[in-house]
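> following is a predicted model, sequence given first.
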Amino acid sequence: MDAERGTVRSAPPGVRRPAAPTAGGRRTDAPHTEAPRAAVPLTEAPRTDAPHPGTRRPPARLPRSRRPLADLPATGTTSPWILMYHSVAVEKEDPYRLTVSPERFAEQIAWLHRRGKRGVSVRELMRARAAGRADRLVGLSFDDGYADFARHAVPILQAYGFTATAYVVADLLGRANDWDTEGPRKTLLTVQEVTDLAAAGWEIGSHGLGHQALPGLPAEVLAAQTRDSRRLLEEVVGGPVTGFCYPYGAVDLAATLAVRDAGYDYACAIAHSPLTGRYALPRCYVGDRDGAWRLRAKRGRHRLRDTVTELRRHRLATRAGHLRRVP
């Protein structure tokens with residue numbers, strides 16, 4: 001039970017879920033500004049109500065890397081503020097607290113707008129940061145690729161001139177979230193819907209294959225999860241897919257290196273960790289209970305965790321340097 005989010009989704013054995021799903025670098029190409037989006041023609045996805053077999057498994061620990069400190073991905077001194085959403089809909093039961101009602105979502109987006117912030121895709125945010133133009137930008141990310149992103153979230157974002165990123169499971173388009181054994185069945189974006197969203201300029205990122213956690217997987221499976229999912233999505237969107245999002249937010253060093261080697265520009269995790277950086281961006285979980293004061297508090301906590309993470313990283317680097325000097 002997470003104090004903020006309630007019961008969290010189970011991850012496969014051997015994978016430690018992030019300690020807190022409240023928080024989740026750097027590209028050097030030219031700054032890019034995404035234009036406001038036109039309305040997207042969407043097709044209703046078929047609903048699958050068949051129950052998903054299997055029992056819920058307890059969370060386990062993220063494996064600690066034994067790789068040398070020098071192998072860690074390059075990091076910056078601070079991480080951008082990226083909000084992590086999943087579903088925007090009305091649900092009677094939501095045991096994982098993944099769903100935000102359209103009314104509450106509209107309030108949260110309006111709050112950002114009143115504070116002079118502009119919500120953008122993670123791709124645009126990273127490009128703006130590289131150009132030193134990200135002060136007023138907030139990343140908006142939507143995990144799992146639920147069909148309600150196009151139905152409910154997109155019209156609200158368009159009204160404010162905001163953009164966002166949808167991370168979709170490449171081999172489950174048009175199906176349902178069968179990995180959530182205790183939650184309601186939710187339809188996923190279809191191939192046509194993903195094609196239409198990409199054509200309208202919304203960023204489509206990879207959420208792997210089969211919604212499978214990556215830590216502990218063999219190298220060849222990691223390659224399939226990262227490279228094959230990217231290839232499939234690029235065929236759908238007709239262009240490059242440059243962002244990755246770790247299923248369950250679960251990440252280890254081998255996963256970050258596989259994402260880098262697959263040619264992605266960045267990857268989103270959830271929690272701050274020693275891996276925090278371009279290929280493990282921390283994000284801030286947003287739920288239906290989050291009003292203005294809670295969002296302000298989460299912004300402050302994100303900054304605090306940035307500071308603590310950098311202090312710990314500096315301490316590790318200092319210790320490693322000392323050990324290298326010992327004869």
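Sure thing, it's come through. Numbering: from 1, shown residues only.

> let's verify His152: helix, strand, or coil?
When classified by DSSP: H, G, I helix; E, B strand; the rest coil, His152 comes out as helix.

> list the contacts of it.
Contact analysis of His152 by C-beta atoms under 8 Å, 6 or more residues apart in numbering lists Val88, Ala89, Pro102, Phe105. Placement of C-beta: from N, CA and C, glycine included.

> which per-residue confidence value corresponds to it?
Listed pLDDT for His152 reads 98.

> and if you look at Pro36?
Reported pLDDT for Pro36: 41.

> swap in Gly239?
pLDDT at Gly239 comes out at 96.

> with Arg9 instead?
pLDDT recorded at Arg9 is 62.

> same check, this time on Asp71
pLDDT recorded at Asp71 is 41.

> can you pull out the strands in the stretch 151-300 of the chain?
Along the stretch 151-300 of the chain, the segments classed as strands by DSSP state E, counting those that start in this stretch run 165-168, 203-206, 243-245, 266-268, 284-285.

> one step back: closest to Thr242 among the contacts of His152?
Val88 (24.1 Å; C-beta to C-beta).

> Gly287 is in contact with Ser101, isn't it?
No - here Gly287 does not reach Ser101: they are 10.4 Å apart, not a contact under C-beta atoms under 8 Å.

> if we can go back for a sec, can you tell me which of the contacts of His152 has the most neighbours?
Ranked by neighbour count (other C-beta atoms under 10 Å), those have Val88 at the top, with 25 neighbours.

> that one and Phe105 touch, don't they?
Yes - assessed by C-beta under 8 Å, Val88 is found in contact with Phe105 at 4.9 Å.

> what touches both of those two?
His152, Ala153, Ile156.

> make TSV out of those and add distance to Pro240.
Formatted as TSV, those follow (distance: C-beta to C-beta, whole Å):
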residue	distance to Pro240
His152	27
Ala153	23
Ile156	27
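
> quick check: of those residues, which lies closest to Gly277?
Ala153 (27.7 Å).

> what about the closest one, distance to Gln192?
18 Å (C-beta to C-beta, to the nearest Å).

> more neighbours, those two?
Remark: of Ala153 and Gln192, Ala153 carries more neighbours, 25 against 15, as counted by other C-beta under 10 Å.

> ok, that one - contacts?
Tyr85, Val88, Phe105, Phe142, Ala164.

> and if you look at Thr99?
Contact partners of Thr99, counting by C-beta under 8 Å, 6+ apart, are His86, Ser87, Val88, Ala89, Val90, Glu91, Asp288.

> all good on my end, thank you.
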